[in-house]
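J.: with the input below, show me the fold.
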Amino acid sequence: QDQSQTQSQTQDQSQTQTQDQSQTQSQTQTQTQSQTQDQSQTQTQDQSQTQDQSQSQAQPQLEQLETKEQTLKKFEFKFDNNFWTSEMDHELISNIIEIALKLEKNCMDLQACELWTREEDKLICFNSVKVSKYDARARYLVLREFSIVVKQLLPLIDLTQLVDDNCIAHSITQKFYKIRSFVFLDVKRIIFDKLINTCATSDKEISIYAKKGLNARNVTNGSRWEETVFGQIFKTVKDWPITKLRIKKNEKLWKVKFVGLGSTDAGGPYRESITMICDDLQSLGLPLFELCANGDRYIPRTIQNRKTIELFEFVGKLIGSVLCSHHTLSLKFAPIIWRFLSWQSLNRNDLIDIDSEFAKAMQDILTIDQDTSVTAEEFNNSISRNFIITTSDNNREIELIPNGRNIPVTYTNRQEYVRLIEQYRLFEFIPALKAIARGLGMVVPLNLLKLFNWNELEFLICGYQKIDIDILRKHTVYESVQESDQHVQFFWRALESFSQKQLAKFLRFVWGRQTLPVGDWDNLEFKIQNYSNDNIVSINYVLPESHTCFFSLDLPRYTTFEACRE
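T.: Below is the predicted model of the structure:
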């Protein structure tokens, strides 16, 4: 470059004063960039320009490497100062899963440049801490490399070791158990699928009386639970060999015949039967689960007998079959259920998830000493509690200690009271949870569930609850209609205006399930086709038709958006 500049300056000395001024400006630019603008240079200058262009092409790569190196250095500095916490990592991994689902990729296959690409994503918030998207991408790369290392070690880990006081304190199994939440789910799912023995295919048909089942579900005292769809299937399947429940990926557990409805099971009736089972479990028609005090999740009922324990075991078997087949259940169970099944210890956070007001009241009692305005005497006079507790179903009172009914809670013994009452609240569900675990363990080795934390286990069993219209649209095909047709555009506008609850109902109408497939659609496509009789004068009053076996919708040619949405 220096030689070229010298030659250029020699030639420029014989040019006009205007050219001298132009060359002065060119020299200034040469100090910061490659000289590319003088088209009247000699052949030697052209060669120099070619070299400059080659260097210019290489420059972005060098800058990219420097940026990545600087980003990693910045990240390492923050990491050394405990900038990244485990809570931030958990939230980042959840964020990565959502991005991977939207891009329909595995978490391990994402490129850093695919993460947080929106203009507003310059700062990302993890556990109330804001970091730059470059730091977040760098952290993803670190976690991905970590998952690759763990993937190589997983075959050496003995998952049969129990993680309790009898486990070797510094064994590789114990170490993996502590860091399992930082390994991407893709890696663990591959190992899990290799270790479970799935060989069964569906060959048995079950007759279901759907109308009878719906009527029984509405009986709130559960006296007609045997007539629910869950009850009908339980009576048929409970004596099947366990091997019949270990079905292959995407296989059906049974074939369904809806009596009186004329259905042929090519997939739709089976999916509908699974959805109806979930509806039964989350209703008062079955004596198994009820809404928790927070009103958003279901917990096991605390009144149990031999029959309900058997039913809970059957729920566990269904969960095990779902894990084998990669199907999903539309269940909104409280985290305490998934934590127990994934071998995680129960704690006060589980109480907050179930009954936040109760948890807050206990915390206020426990920390009353931090309020200097309240004396011990004032506390004793204001609180009117004894060492008793009412069960979650509000049917019984239990003494926390002998004669607890007559022992008041005081400032002195309040900590013991809170400890006992929280312990009871956490463990009153244990008989039901153990029954579910027994049933699950008959189908899938329970030790394999140590691979997952509770969030991951819930995701594997229940799928991704958010319905993304863009993903559905990406997997849509059109037959006898065009995507650009007005009534098709009305249809997509209508879906975009729906709530998540309405979208779940729509999916159930066209497919028999309330969630979209997770990850691989396995050549599945949603089909929109023309309504069979478009010559009807009052087409705006015609209802669409669906074919759940084939995930298809017959869409009338509505003339207005309002008619289509309605």
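
J.: how about the strands in this structure?
T.: Chain-ordered strands for the chain, with DSSP state E as the definition, fall at 123-126, 129-132, 205-208, 255-258, 289-291, 298-300, 388-390, 397-399, 476-479, 526-530, 545-547, 552-555.

J.: which of the residues in the third one are buried?
T.: Looking back up the chat, that one is strand 205-208. 206, 208 (16 or more other C-beta atoms under 10 Å). (Glycine included, C-beta is placed from N, CA and C.)

J.: pull that strand out as CSV, backbone CA atoms only.
T.: Extracted C-alpha coordinates of strand 205-208, given in CSV (Å, rounded to 0.1, in the frame of the first residue of the first chain):
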residue,chain,number,x,y,z
GLU,A,205,-60.2,-50.7,20.2
ILE,A,206,-62.1,-49.0,23.0
SER,A,207,-65.8,-48.1,22.8
ILE,A,208,-66.6,-44.8,24.4
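
J.: for the strands of the chain, give me CSV that also has distance to residue 411 and mean pLDDT.
T.: Written out in CSV, the entries for the strands of the chain read as follows (distance: least, C-beta to C-beta, whole Å; pLDDT from 0 to 100):
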stretch, distance to residue 411, mean pLDDT
strand 123-126, 40, 87
strand 129-132, 38, 88
strand 205-208, 59, 89
strand 255-258, 61, 89
strand 289-291, 35, 92
strand 298-300, 32, 94
strand 388-390, 19, 88
strand 397-399, 21, 88
strand 476-479, 65, 92
strand 526-530, 63, 90
strand 545-547, 64, 89
strand 552-555, 65, 92
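
J.: and among those, the most buried is which?
T.: Per-residue neighbour counts averaged over each of the strands of the chain give the maximum for strand 298-300, namely a mean of 23 (mean count of other C-beta atoms under 10 Å).

J.: counting by contacts, list what that one packs against.
T.: The helices and strands touching strand 298-300, judged by 3 or more C-beta pairs under 8 Å, 6 or more residues apart in numbering; DSSP states H and E, are strand 289-291, helix 335-341, helix 430-443.

J.: list the contacts of that strand.
T.: Contacts to strand 298-300, defined as C-beta atoms under 8 Å, 6 or more residues apart in numbering, come from residues 281-282, 288-292, 312, 331-334, 336-337, 354, 392, 429, 432-433, 436.

J.: mind doing that once more with 7 Å?
T.: Outside strand 298-300, the residues within contact range by C-beta atoms under 7 Å, 6 or more residues apart in numbering are 282, 288-292, 332-334, 336, 354, 392, 429, 432-433.

J.: and if you look at stretch 433-441?
T.: Outside stretch 433-441, the residues that touch it by C-beta under 7 Å, 6+ apart are 300, 309, 312-317, 319-320, 337, 340-341, 446.

J.: on the pLDDT front, check residue 49 for me.
T.: Each residue has a pLDDT score; the one for residue 49 is 48.

J.: looking at the helices and strands packed on strand 298-300, which is nearest to residue 364?
T.: helix 335-341 (22.1 Å; C-beta to C-beta).

J.: are there helices or strands packed against the closest one, and which ones?
T.: Using 3 or more C-beta pairs under 7 Å, 6 or more residues apart in numbering; DSSP states H and E, the elements in contact with helix 335-341 are helix 348-354, helix 430-443, helix 454-462.

J.: average model confidence for the first one?
T.: In this model, helix 348-354 has a mean pLDDT of 90.

J.: list the helices and strands it packs on?
T.: helix 335-341, helix 356-366, helix 414-427.

J.: reformat the helices and strands packed on helix 335-341 as TSV; add distance to residue 213.
T.: Conversion of the helices and strands packed on helix 335-341 to TSV gives the following (distance: least, C-beta to C-beta, whole Å):
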stretch	distance to residue 213
helix 348-354	29
helix 430-443	21
helix 454-462	22
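
J.: residue 228 is nearest to which of those?
T.: Distance to residue 228, taken as C-beta to C-beta, is lowest for helix 430-443 among those, at 18.1 Å.

J.: so where's the stretch 401-550 of the chain uncertain?
T.: The model of the stretch 401-550 of the chain has pLDDT under 70 over residues 519-520, 534-537.

J.: do you know how far the closest residue to residue 496 other than its chain neighbours is from residue 98?
T.: In space, residue 496 comes closest to residue 469 once its chain neighbours are excluded; the distance is 5.7 Å by C-beta to C-beta, 6 or more residues apart in numbering. The span separating residue 469 from residue 98 equals 15 Å under the rule C-beta to C-beta, to the nearest Å.

J.: before we move on, the earlier item: so which of the helices and strands packed on helix 348-354 is nearest residue 258?
T.: helix 335-341 (30.0 Å).
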